[in-house]
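1. sequence first, predicted model second:
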Amino acid sequence: MNPVFAYRMKVRDYECDTQGHVNNANYQHYFEVTRHEMLEKVGLNFHELHLRGIDAVVSRVEIRYKAPLVGMDEFNCTVRHIERSGVKYIFHQEIIRLSDNTVCAKAKIEVVNLVNGKLSQPKVFDEAFAAYL
């Protein structure tokens, strides 16, 4: 199954640990950057949403590390698919190293929305993600 969205990135040397591998915390940054870029693609801007009182916040993260990325690796960070469960959007994501097409990490990220500080289901996300749900 092809991903619904992919964003190409490159490992920067300062993201690596003593062993030369990307530090585990940086994978979460890669996944988040990709979700924000996908929001832009569907016409939503994270900062503009915040100014309107709508905040998408991560409520749960599961990451499975499969193979290490190292300095200067180029990779695609993808959103394989999105599902909705109640007020949660669940993003299924992968990081795929381009040199050998290896899946380096898989994630399941749950996001909830706050509207003016209260847990809510804003229509703007339902409309923006309609083609992906």
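-> Happy to help now that I have it. Numbering: from 1, shown residues only.
2. which stretches in this structure count as helices?
-> 24-41, 46-51, 123-128 (DSSP state H).
3. Lys10 contacts Met72, correct?
-> Yes. Using CB atoms under 8 Å, Lys10 is in contact with Met72, at 6.6 Å. From N, CA and C alone the C-beta is placed, and that goes for glycine too.
4. ok, for Glu110, nearest residue in space, not its chain neighbours?
-> Arg60 (4.0 Å; CB to CB, 6 or more residues apart in numbering).
5. and the longest strand belonging to the chain, what does it pack onto?
-> Criterion DSSP state E: the longest strand present in the chain is strand 102-115. Strand 102-115 is packed against helix 24-41, strand 54-65, strand 88-97, strand 118-120, with contacts defined by 3 or more CB pairs under 8 Å, 6 or more residues apart in numbering; DSSP states H and E.
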